[in-house]
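Asker: Need coordinates for the below:
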Amino acid sequence: MSLSVTKQNKPGRERRVHERHHLGLPIRVHFDSGRRSADIELQDVSWGGGRFVGKPGTGLTVGETVAFGFVLPGAVSCVAAARVVRIEPEGFAVKLDRANDAFMHFVSSLEPQQPHAA
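Answerer: Below is the predicted model of the structure:
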């Protein structure tokens, strides 16, 4: 599996605290405490949250908790839980509540490496 990562810049007032990284990764998202799920694209991700593109079905509300995950090469499972903070016509945005170490390591691997002083 190959992931393409690019920075996203949006015109206007930027409210994000953390830099977001474009993924375009199809994953399964669980809603309603796991009672329903949908395959949706994780469009971008940051230390603080992410944005999904796709239709989650009916009944998604701001404040709802969702769970999602994906498997990296080497069978490394990245999982997270987040709260829906915005619903848009093309998808929805979340703020991370919890994530396992593998997920946080994955996000940190997307951050630009700082040059070390000699």
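Asker: and the residue nearest the centre of the chain, what element?
Answerer: Taking CA atoms, centre = their mean, the centroid of the chain lies closest to G50, which sits 3.4 Å from it. Assigned by DSSP states H and E, G50 belongs to strand 49-53.
Asker: Check V66 too.
Answerer: strand 65-72.
Asker: buried stuff in that strand?
Answerer: When burial is assessed from 16 or more other CB atoms under 10 Å, strand 65-72 yields the following buried residues: V66, A67, F68, G69, F70. All C-beta spots, glycine's among them, are computed from the backbone N, C-alpha and C.
Asker: quick one: low-confidence parts of the protein?
Answerer: Scanning the chain for pLDDT under 70 picks out 1-19, 21, 33, 57-58, 113-118.
Asker: which strand of it spans the most residues?
Answerer: Of all the segments of type strand in the chain, defined by DSSP state E, the longest one is strand 76-88.
Asker: what about it, distance to the chain center?
Answerer: Centre-to-centre, strand 76-88 and its host chain are 6 Å apart (CA atoms, centre = their mean, to the nearest Å).
Asker: list the buried ones in it?
Answerer: Of the residues in strand 76-88, C78, A80, A81, A82, V84 count as buried by neighbour count, 16+ other CB under 10 Å.
Asker: ok, the second one to P56 distance?
Answerer: When CB to CB, to the nearest Å is the yardstick, A80 and P56 sit 16 Å from each other.
Asker: same deal with the third one?
Answerer: Note on A81: its distance to P56, by CB to CB, is 15 Å.
Asker: go on, the last one?
Answerer: Distance of V84 to P56, given as CB to CB: 9 Å.
Asker: anything in contact with each of those two?
Answerer: Counting by CB atoms under 8 Å, 6 or more residues apart in numbering, the contacts common to V84 and P56 are F92.
Asker: can you list contacts of the helix or strand hosting A93?
Answerer: Using DSSP H and E, the element containing A93 is strand 91-99. Contacts to strand 91-99, defined as CB under 8 Å, 6+ apart, come from residues 40-41, 43, 47-56, 60, 65-66, 78-86, 107.
Asker: neighbouring contacts of stretch 45-56?
Answerer: Outside stretch 45-56, the residues within contact range by CB under 8 Å, 6+ apart are 16-21, 23, 29, 31, 38-44, 82, 85, 90-96, 104, 107, 110.
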